[in-house]
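**Student:** Return atomic coordinates for the entry below.
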Amino acid sequence: MGKNPNQKLKILFLMKLLLEKTDQEHTVTINELIKQLDGYGVSAERKSLYNDLDQLDKFGINVETKKTKTTSYYIANRFFELPELKLLVDAVQCSKFFTYKKSNQLIKKIESLASCHQAKQLHRQVYVENRVKTVNEEIYYNVDTLHIAIAENKQVSFRYFDYNVDKKKTYRKDGQNYLVSPYALSWDDENYYLVVFSDKYNKFANYRVDRMSDIKIVDQPRVKLPENERFNIAEYSKKVFNMFGGDEENVTLKFDNTLVNAVIDRFGADVLLNKIDENSFSASLDVAVSATFFAWVTKFGSKLKILSPEVVVDNYKSFLLEILQQY
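**Tutor:** Predicted coordinates:
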């Protein structure tokens, strides 16, 4: 009878068993490994397994021993530690731009990076079903296509839609394609946005990736930025509130001292704060003035005041009056 073809894969099956079945709390003995390898149709002798375990350790698979009445073996260190995998699972389950289906698929893949015992800990913290998720199954692949276009300095075309009161897609521009020059992808307020430069309006604009369909890379280079334009996605995100654009202004705001954390969270630790008195401070910030910026100001109530410029103050008053007129 000829040899089992799996026999040549013995060391690989051994590595698979150790990675899937063991961790610091769950070990296996040589006899258990022999029995489990037999389940793959692989025969193994104790002496050969000792050599294989040593080879795996030299290869970089951190095989450790635990000695009690018998000697047992386990994987001590993995590429991802369990707390890191928990963070990845949290990020996936909290991300709106993944559908339920894709969230569960990704979490299953993350679980495969742990032992089967640790995977149970990851699964217990998964609560995907009741979270708000996108219904656009294409987004996962759209993001990848957009990254490729940016890396290759190419334009992209797509159709852009909104939902109506019947929750049906209604395409803007009567369903015609947009042709844009993509410069960055930004994850803001739990959504992915594509940041593009418009040569027509000589400024940047944003599109929700989950509202884009039929994305295609166009074989022509992106529109070049003006010579005086330097794009920095981190700086851009500070100015643009919830990725709604507007005319950029340098706005001076007065804050109650209790809002220091909120200002640093929004604008970063390098923001310059100027003391006004014992209870308040001011900051001059470059922001894209829009309804979402005014909404951000409003949520702090009387603890935040727009000091200048006057045109922004007047626009904010109009914003508040329009709201009051509904009541």
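**Student:** Would you mark the buried spots in stretch 174-184?
**Tutor:** Neighbour counts over stretch 174-184 (16 or more other Cβ atoms under 10 Å) mark 177-178, 180-184 as buried. Just so you know, the C-beta spots here come from the backbone N, C-alpha and C atoms, and that holds for glycine as well.
**Student:** what's the worst-scoring helix or strand of the chain on mean pLDDT packed up against?
**Tutor:** Least confident helix or strand, the chain: helix 233-239 with a mean of 76, by mean pLDDT, DSSP states H and E. In terms of contacts (3 or more Cβ pairs under 8 Å, 6 or more residues apart in numbering; DSSP states H and E), helix 233-239 is packed against strand 178-188, strand 280-289.
**Student:** if we can go back for a sec, among the buried residues of stretch 174-184, give me the pair with the biggest separation.
**Tutor:** Asn177 and Ala184 (20.9 Å; Cβ to Cβ).
**Student:** re the thing from before, with distance to Leu12 and mean pLDDT as extra columns, can I get the helices and strands packed on helix 233-239 in a markdown table?
**Tutor:** Output for the helices and strands packed on helix 233-239, formatted as a markdown table (distance: least, Cβ to Cβ, whole Å; pLDDT from 0 to 100):
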| stretch | distance to Leu12 | mean pLDDT |
| --- | --- | --- |
| strand 178-188 | 38 | 90 |
| strand 280-289 | 55 | 90 |
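**Student:** These: which one's closest to Tyr74?
**Tutor:** When the helices and strands packed on helix 233-239 are compared by Cβ to Cβ, strand 178-188 sits nearest Tyr74, at 36.9 Å.
**Student:** Any chance you could list what contacts that closest one?
**Tutor:** Residues from elsewhere that reach strand 178-188, judged by Cβ atoms under 8 Å, 6 or more residues apart in numbering: 97, 143, 146-147, 149-150, 155-160, 192-199, 204-207, 209, 218, 222-223, 225, 231, 233, 236-237, 242-243.
**Student:** And for stretch 165-174?
**Tutor:** Contact with stretch 165-174 is made by 159-164, as judged by Cβ under 8 Å, 6+ apart.
**Student:** Which of those sits closest to Glu322?
**Tutor:** Within those, distances to Glu322 taken as Cβ to Cβ reach their minimum at Asp162, with 21.8 Å.
**Student:** Then that closest one would be within a strand, right?
**Tutor:** Yes. Asp162: assigned to a strand according to DSSP: H, G, I helix; E, B strand; the rest coil.
**Student:** Once you drop chain neighbours, what's closest to it?
**Tutor:** Of all residues not flanking Asp162 in the chain, Thr170 sits nearest, at 5.6 Å (Cβ to Cβ, 6 or more residues apart in numbering).
**Student:** before we move on, what about Tyr160?
**Tutor:** Counting by Cβ to Cβ, 6+ apart, the residue nearest Tyr160 is Arg172, at 4.9 Å.
**Student:** before we move on, the earlier item: can you redo the helices and strands packed on helix 233-239 as JSON lines with distance to Phe79?
**Tutor:** Formatted as JSON lines, the helices and strands packed on helix 233-239 follow (distance: least, Cβ to Cβ, whole Å):
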{"stretch": "strand 178-188", "distance to Phe79": "24"}
{"stretch": "strand 280-289", "distance to Phe79": "41"}
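**Student:** Appreciated, that's everything.
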